[in-house]
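Sequence and predicted structure are below.
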Amino acid sequence: MNEETYDVIVSGAGPAGTTAAIYTARSGLSTLLLDKARIGGALGMAHQVANYPGLGFKEPLSGAGLLELMHAHAESFGVVFRPFQVYGFELSTEPFRVITATQVYQAKALVIAAGARSRSNWIPGERELVGHGVAYCATCDGPFFADKDVAVVGNSEEAVTEALVLAGYVSHIFLINPTSRFLAEDGEAAAVTSNEKIEVLFNSTIQSIEGDGAVTHVQVAGPQGAQRAVPVQGVFLYLAGNKPATDFLDGQLTLDQEGYIVTGPELDTSVPGVYAAGDVRGNRLRQVVIATADGAMAAMAIDRRLRKRAKLISQR
């Protein structure tokens, strides 16, 4: 099998990976961008993006629309895109090897920007109404629900903090908590329970999300299984199950307890020459602008590394 060789290979064509590819290609480094789908991931599911710099002055783009612009930008600098899923890496020797179903590629440096996988257990109605009332980020989508009633689902610290963010926009929040307490700091939990806009439904689970083209209500099972239809125009989901896409690393990089890639100040990993960017490294604030900043940082670190190595080789 012929092995194509590049200066840089980026795994993941979301905002982090695509930005990294733009920067490395613009620096004159041959760059390959790999992802199983050209448009996908968390950004690809976003109905509208209105808080990315430069978009606020005109009609907001969809997440897929923003990704299309990013990919076109990358290809204008010579980035090669291949719609192949990465199944593994060989990081013990250089050049590093990247394995897909049909091809093996080699590179002097890698950027892993594979993101985080969403839950595999979709709530009935969730998939059909993503972008039409179903959302996953209060900071991103909260303004679209100004003066409306919404549901927030979950009991995690993220669910609590996102409910408090939403309280600044919406009329009323039904916070659907599957247990009798919150997995959050006492201060934040107290802020939620004392907020007049937030109605906490303890020991309750969401059964389905209903609506014909847009969310109109959710079905909720309360204590003892009592069923209730809760009228809302939006549903923000913060359920357990999101995890970083790091299974294919096969223990070759250092991960934290939750499976995210551990990175240094330049987004370097435990293997020199391998970098991580975006949600795969556990960014607490999951915003497009944070992901693109990660991609730029990783790419600039790679450029410095490869230029330094080339200079040392030329001096021998």
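In hand now; what should we look at?

ok, now which ones touch residue 33?
By CB atoms under 8 Å, 6 or more residues apart in numbering, the residues touching residue 33 are 10, 13, 17-18, 21, 74, 79-82. Glycine gets a C-beta too; all of them are placed from N, C-alpha and C.

how far does the helix or strand it falls within sit from the chain's center?
Of the helices and strands defined by DSSP states H and E, residue 33 is found in strand 31-34. Strand 31-34 sits 19 Å away from the centroid of its parent chain (CA atoms, centre = their mean, to the nearest Å).

thinking again about what came up before, please identify which of the contacts of residue 33 is nearest to residue 247.
Nearest to residue 247, judged by CB to CB, of the contacts of residue 33 is residue 17 at 17.6 Å.

Just give me the neighbour total for the residue nearest to that closest one when sequence neighbours are not counted.
Using CB to CB, 6 or more residues apart in numbering and skipping residues adjacent in sequence, the residue nearest residue 17 is residue 113, 3.4 Å away. When neighbours are counted by other CB atoms under 10 Å, residue 113 registers 33.

can you check residue 121 too?
Around residue 121 there are 8 residues (other CB under 10 Å).

any idea how far the residue nearest to residue 17 lies from residue 90?
Residue 113 sits 19 Å away from residue 90, going by CB to CB, to the nearest Å.

just how off-centre is the single longest helix found in the chain within its chain?
In the chain, taking DSSP state H as the definition, the longest helix is helix 288-314. On the basis of CA atoms, centre = their mean, helix 288-314 sits 22 Å off its chain's mean C-alpha point.

Buried residues, that helix. List them.
Across helix 288-314, burial judged by 16 or more other CB atoms under 10 Å covers 288, 290-303, 305-306.

just to revisit the earlier point, was I right to think the residue nearest to residue 17 contacts residue 16?
Yes - using CB atoms under 8 Å, residue 113 makes contact with residue 16 at a distance of 4.1 Å.

Now the common contact residues for those two.
277-278, 280, 291, 294-295, 298.

and those as JSON lines, adding pLDDT and distance to residue 204?
Formatted as JSON lines, the shared contacts of residue 113 and residue 16 follow (pLDDT from 0 to 100; distance: CB to CB, whole Å):
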{"residue": "277", "pLDDT": "96", "distance to residue 204": "38"}
{"residue": "278", "pLDDT": "92", "distance to residue 204": "33"}
{"residue": "280", "pLDDT": "90", "distance to residue 204": "33"}
{"residue": "291", "pLDDT": "92", "distance to residue 204": "33"}
{"residue": "294", "pLDDT": "96", "distance to residue 204": "37"}
{"residue": "295", "pLDDT": "97", "distance to residue 204": "40"}
{"residue": "298", "pLDDT": "97", "distance to residue 204": "42"}
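
Can you classify residue 196 as helix, strand or coil?
When classified by DSSP: H, G, I helix; E, B strand; the rest coil, residue 196 comes out as coil.

That one and residue 162, how far apart?
Computed as CB to CB, the residue 196 to residue 162 distance reads 18 Å.

Which one of these two is surrounded by more residues?
Taking other CB under 10 Å, residue 196 and residue 162 do not tie; residue 162 has more neighbours (24 against 7).

how about the one helix or strand that one maps to as CSV, C-alpha atoms only?
Element membership for residue 162, per DSSP H and E: helix 157-166. Only the C-alpha atoms of helix 157-166 are listed here, as CSV (Å, rounded to 0.1, in the frame of the first residue of the first chain):
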residue,chain,number,x,y,z
GLU,A,157,-22.7,21.4,36.9
GLU,A,158,-23.0,22.2,33.2
ALA,A,159,-26.8,22.0,33.3
VAL,A,160,-26.9,24.3,36.4
THR,A,161,-24.6,26.9,35.0
GLU,A,162,-26.3,26.9,31.6
ALA,A,163,-29.7,27.3,33.2
LEU,A,164,-28.4,30.4,35.0
VAL,A,165,-27.1,31.8,31.6
LEU,A,166,-30.5,31.1,30.0
